[in-house]
Every structure is written in C-alpha cells, then in structure tokens.
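Coordinates for the following, if possible.
(one chain, ligands or ions: 1)
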Amino acid sequence: MAVVQEKKSLCEEWLKTEKKLLIDGKWVPAESGKSFETFNPATEKPLCRVAEGSKADVEKAVVAARRAFEEGPWRKMAAAERARLLYRLADEIEKRADEFAQLETMDNGKPVRESRWVDVVQTVETFRYYAGWCTKLEGETTSVNGKFFTYTLREPVGVVGQIIPWNFPMLMAAWKLGPALACGNTVVLKPAEQTPLTALRIGELACEVGFPPGVLNIITGFGPDAAGSAISNHMDIDKVAFTGEDKTGREIVKASAGNLKRVSLELGGKAPNIVFADADLDAAVRGAMLGIFFNQGQVCCAGSRLFIEEKVHDEFMSKLTKHVGTMRQGNGLDEQTVIGPQVSKDQMERILNYCDIAKKEGAKLVCGGESPKADLPNGYFVKPTIFDGVTNDMRIAQEEVFGPVLSVITFKNEQEVAEQANKILYGLSAGIWTQDIKKAHKLVSHVKAGTVWVNCYNQFDPQMPFGGYKMSGYGRELGKHSIELYTNVKSVWVNLD
Ligand code: ADP
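This next block holds a predicted model:
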C-alpha cells in the first residue's frame, strides 16, 4: 500500500502544472488562451488543466511539421539514427513504467494492473518494434521490357495527422506514432479530450531524447469544429489516421475529400465470441470474461455478442455468473481492482441507457444493469452486466455499447451461428472456442472480421496486424502493414539505351 501512495504522489507533482501544446519542439499555450480540465473518472475530481488547442494551433503545428519534413534533419538523418531515437523513447517510457501506469489509470480509470502490464508494456514493445523497422524499409529492383534500369523507393507520406481515442490513450499513441515516425513522417497528434495526459508525457520524453523540433507536435483539444476537425480538413496534411467511433470516421472521410488525403480508420465493433459445446468450458468462461470486461468493455474488439451452443448454455452460464460475482470493482489505483469506472459520465449514462433498451427489448438481466452507487457513491461505475435470452436482431446485439455489458445468444448448430455471426454491420474481430480443429478453421474463413481468436481472446502483439472489415474501418495497423499506411512507393525508370 505504501508503494502505491509513493508512486501516486510522484504523478501528483506533475499534475500540478497546466499542460501546454507541443509545437515545433516548444511547449506553448493555446492561441486562444483557453484550457480545459481532465477528470479522474474514479473520483469525478479534476486531475489537471490542459491547453485547449483549436484550428489556429493546428495551423501552427502543421507549418512546423511541414518545415521539419521538408527542410529539417529528420529525412536526411540516417535510418539508424531515427531508430536510436525511437529505442531511447521506449527506454525512457519503460524506466517510468509505474508512473505511466498511474497516470493512465487516473486519467482513464482502468485498473493499474492493466495499465502497468498491458498498456505500458505494449507501448514500449510497439515503439521498439517500429524502431527496428527504420533500417528495414526497402525498395525493389524489377526487370521490365526494354533497356531500362527500374527500381522502387519507399518514401514517407509527409505530414501525418493522428486522432486517437480515450480507451487506450498511450497505446493508441504508440500504434500511431511508432510506424509514422519510423517511416520518416512528421506528425500532428491529437489525443482524446478525456485522456490527454500520457500522450503529453510521451511528448515530453520525445523532446528529452532528442527528436528534432516539429517532428512530433501534440495538440490537445476537442473533436468536432475544433482541433480534431481542423486536422481532418487541413489541406497540407497528407494523411490522417483515426481510431474512434464509426460516426466520427464518416466525418473524417468527408473532411479528407478537400485534398484527398489518405485515410486509415479503426472504428467500432460488435464481435461474436462463439462457444461450442465441445470447447474447454473453463477456458471459454475466462475468455468470455476477458472479452467483455477487459478495460470495462471499452474495447472496439470486445466480445460483446456471446454465442453459446444450447447444449452447454446452462452449465456455461452458471460458471460465468459465479466468476462475475467475484470481480472486484473500484478505484483503478487499488492493485486489487479488476474492473474500474467508465471513462466519463457520458459513457456511463450511455451504457445504462442501453441496459434499459435491452430490458425493454425483452432480454433477461442476469446481473448488473446499474451503477453500484451504494458501494461506490462517486465515480462513473457500471456493474458488470450480463443479458441472457438476447436475439441477434435486438439493438443490444447490434449496436456498440462500449461498456461491460454482455449479450448472450443461444445457438443450435454450426450453420446457424455462422450466419448470425456475420449478421452485423461491423467486422473487427471474432472469437471461436472449440476443440474441433476443422470446425474452427471453417468458421475462421467464413467470419468477416479483421482478427479471429481461436481458443483465446484479446491477444495483441506489435507484429500482428489489426483492423476491420465492413464498417469497422479500413487499413491495417501494426506489423508490416502499418508501413504501407505511412509510406508512398515511387517507381523510378532510368533509360540505359
Ligand atoms: P467518443 O465519442 O467515444 O469520444 P470519438 O470518435 O468521438 O469517440 O472520438 C475519438 C477521437 O476523435 C477523439 O480524439 C475526438 O476528439 C476526435 N473527434 C471527435 N469528433 C471529431 C470530428 N468531427 N473530427 C475530428 N476528430 C473528431
């Protein structure tokens, strides 16, 4: 307990100063002089004031990023030197792993054991993985008809705008910054207004380790008619990468039309998590729990539609509800907490509203469905919630709740579940639990989803691409696929005649 207190006070010192925007290597207030507060969702108390960047600040950041791209040392620098900077950034984050974990937990609410062992660890791994890519970006030589020497060059896209969400604030920053910087682009990053702090801390460390001015610019602020839309509309931004709601994704695509900037989108999901009767049920129960309650269900690939084969429905449900009953909910800073608060009041209310909708639709509430006000009077908590007797056409099964709310749908056979799994607008991920390898592979190729987990769920690694089918977006982040997002290919013809 004493250790937690000590680490918490370290963060609290940092939180005392108002945070500014990072433009051209300097920390500056917003042009408007405005700032906003970010809150701790476990206590509802303000954590820190942060500059409210707007269009004018995005303008300045893009000018700096453009200059850093065209004239600065960034592009001329040896690839190994860019790699060294990214490795150093990863090292500095790792040295402060506990501080980052605390900060992420205070800003977002997630349990510190997750911030520490998932978000921080994966952030460091992602920066290291892309540091490795700096020296592996290669063109090709080809043998065309005629007397020509032909080859391709892989070049950075230019100035990149990156708009990220609040559910994995530092990890989403790493997924976006790692490949963009490795490929030699310059960046204007906008963290989510609910959770700007860890991205700002990464920005501070990037300055300390020696990223040249203008290479990484961070503009905190809001989305619509503010810093976010200023990025997506900007005529001198060459590419925008976005993670968030599908509704916002559509706005970003429309805004990109002005200069036809390249867009990559990672949007919502409503993943089927399918449990066959022949599965290892204990493992599947753990997978179902991880699928829906990890990060309070605020995960775009959450396994929110749990399909259970009829034969094992009762046995599975009794195991599942027993486990849910043992989950400790509370302030994420407590190392024992396994489920924290939702990120904001808005999100809590949205989730509770979906619980009401589910009840009206005739779904059977098994547990949760409300805030634990008696035990936790402050904070934006929603009890872990399970609805049974859901049908795939109900709103609770079709719309993204983005909270700890599981919809249980019973199925009779493989064909029925295969059809229902794809009857959804989204296609981000899916889970399959069975010991029958043929059944698993058949379903893997049938299901329209960017990631399929077989006998596991919510597994991530910087080497494995992640992204959506259908309305879950386009483009693949992570792995070598992210390199495609952040580079252009140039074809070069040299006449040898
Ligand atoms: P949520 O509604 O869950 O907060 P959003 O998709 O609205 O999810 O937010 C994800 C990110 O997109 C945030 O950084 C937010 O500020 C930004 N954003 C929201 N609306 C817009 C918009 N119209 N244009 C650009 N960015 C936006």
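
how about the helices of the stretch 351-497 of the chain, start to end?
Secondary structure of the stretch 351-497 of the chain (DSSP state H, counting those that start in this stretch): helices located at 395-398, 414-422, 437-446, 481-485.

do the stretch 201-350 of the chain as well
Defined through DSSP H, counting those that start in this stretch, the helices belonging to the stretch 201-350 of the chain, from first to last, are 227-233, 246-256, 281-293, 313-325, 345-361.

Most tightly packed of those?
helix 227-233 (a mean of 25; mean count of other Cβ atoms under 10 Å). For glycine as for every other residue, the C-beta is placed from the backbone atoms N, C-alpha and C.

Can I get stretch 232-248 as PDB, trimmed to CA atoms?
Output in PDB follows, covering the C-alpha atoms of stretch 232-248 (Å, rounded to 0.1, in the frame of the first residue of the first chain):
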ATOM      1  CA  SER A 232      -9.000  16.100 -40.900                       C
ATOM      2  CA  ASN A 233      -9.800  19.200 -43.000                       C
ATOM      3  CA  HIS A 234      -6.300  20.500 -43.300                       C
ATOM      4  CA  MET A 235      -5.100  21.000 -46.900                       C
ATOM      5  CA  ASP A 236      -1.500  20.500 -46.000                       C
ATOM      6  CA  ILE A 237      -1.800  17.200 -44.100                       C
ATOM      7  CA  ASP A 238      -1.000  14.300 -46.400                       C
ATOM      8  CA  LYS A 239      -2.600  11.500 -44.400                       C
ATOM      9  CA  VAL A 240      -4.900  11.100 -41.400                       C
ATOM     10  CA  ALA A 241      -5.100   8.100 -39.200                       C
ATOM     11  CA  PHE A 242      -8.100   7.800 -36.900                       C
ATOM     12  CA  THR A 243      -9.300   5.500 -34.200                       C
ATOM     13  CA  GLY A 244     -12.800   6.100 -32.700                       C
ATOM     14  CA  GLU A 245     -16.500   5.800 -33.400                       C
ATOM     15  CA  ASP A 246     -17.800   4.900 -36.900                       C
ATOM     16  CA  LYS A 247     -19.900   8.100 -36.900                       C
ATOM     17  CA  THR A 248     -16.800  10.200 -36.400                       C
END
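
tell me how far that stretch is from the chain's mean position?
Mean-position distance between stretch 232-248 and its chain equals 15 Å (Cα atoms, centre = their mean, to the nearest Å).

closest to P462 out of the helices of the stretch 201-350 of the chain?
With Cβ to Cβ, the closest approach to P462 among the helices of the stretch 201-350 of the chain belongs to helix 281-293: 19.6 Å.

Find out how far the one helix or strand R88 maps to is from the centre of the chain, if you would.
Secondary-structure element containing R88, defined by DSSP states H and E: helix 79-95. On the basis of Cα atoms, centre = their mean, the separation between the geometric centre of helix 79-95 and that of its chain is 22 Å.

show me the contacts for N108.
Remark: with contacts taken as Cβ atoms under 8 Å, 6 or more residues apart in numbering, N108 is in contact with P41, S115, W166, N167, P169, Q194, T195, G332, V343.

and with 6 Å instead?
N108 is in contact with T195, V343, counting by Cβ atoms under 6 Å, 6 or more residues apart in numbering.

helices and strands of the protein: which one has the lowest mean pLDDT?
Counting by mean pLDDT, DSSP states H and E, the chain has its least confident helix or strand at helix 2-15, which shows a mean of 66.

Same list, the helices of the stretch 351-497 of the chain, but as TSV with distance to the ligand, mean pLDDT and mean neighbour count please.
As requested, the helices of the stretch 351-497 of the chain are arranged in TSV below (distance: least, Cβ to the nearest ligand atom, whole Å; pLDDT from 0 to 100; neighbours: other Cβ atoms under 10 Å):
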stretch	distance to the ligand	mean pLDDT	mean neighbour count
helix 395-398	18	98	19
helix 414-422	25	98	17
helix 437-446	29	98	14
helix 481-485	18	97	20
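
would a markdown table of those with distance to E70 be doable?
Putting these into a markdown table (distance: least, Cβ to Cβ, whole Å) gives the following:
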| stretch | distance to E70 |
| --- | --- |
| helix 395-398 | 47 |
| helix 414-422 | 46 |
| helix 437-446 | 45 |
| helix 481-485 | 21 |
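
Could you point out which of these sits nearest N455?
By Cβ to Cβ (comparing all of these), the closest turns out to be helix 437-446, at 7.8 Å.

Check the offset of the closest one from the chain's centre.
The gap between where helix 437-446 is centred and where its chain is centred comes out at 27 Å by Cα atoms, centre = their mean.

before we move on, the earlier item: out of the helices of the stretch 351-497 of the chain, nearest to V58?
With Cβ to Cβ as the criterion, V58 lies closest to helix 481-485 of these, at 20.8 Å.

what sits up against the closest one?
Applying Cβ under 6 Å, 6+ apart, the external contacts of helix 481-485 come out as P179, S264, P465, G475.

Find the nearest non-adjacent residue to the closest residue to the ligand within the stretch 301-450 of the chain, please.
Scanning the stretch 301-450 of the chain for proximity to the ligand using Cβ to the nearest ligand atom identifies F402 as nearest, at 6.8 Å. Taking Cβ to Cβ, 6 or more residues apart in numbering, and ignoring the residues beside it in sequence, F402 has Q298 as its nearest neighbour in space, at 5.4 Å.

What of N233?
Residue nearest to N233 in three dimensions, not counting chain neighbours: A255, with 4.5 Å by Cβ to Cβ, 6+ apart.

so what's A358 up against?
A358 is in contact with F387, I396, counting by Cβ under 6 Å, 6+ apart.

do the same with the one 5 residues further on
A363 makes contact with F387, G389, V390, I396 under the criterion Cβ under 6 Å, 6+ apart.

Neighbours of the second one, how many?
Going back to what we said before, that points to G389. Using other Cβ atoms under 10 Å as the criterion, G389 is surrounded by 16 other residues.

Ok, the first one next?
For F387, the number of neighbouring residues by other Cβ under 10 Å comes to 27.

Now do the same contact list for it.
Contact analysis of F387 by Cβ under 6 Å, 6+ apart lists A358, A363, S407.

Distance to the ligand added to those residues, as CSV?
CSV is the format used below for the contacts of F387 (distance: Cβ to the nearest ligand atom, whole Å):
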residue, distance to the ligand
A358, 20
A363, 23
S407, 20
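
any chance of the residues you listed in CSV, plus pLDDT?
Supplementary listing: those in CSV, determined by pLDDT from 0 to 100:
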residue, pLDDT
A358, 98
A363, 98
S407, 98
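
Close to the ligand: what parts of this structure are there?
By the criterion of Cβ under 6 Å from any ligand atom, the positions of the chain lying close to the ligand are 163-165, 190, 192-193, 222-224, 228-229, 232, 244-245, 248, 251-252.
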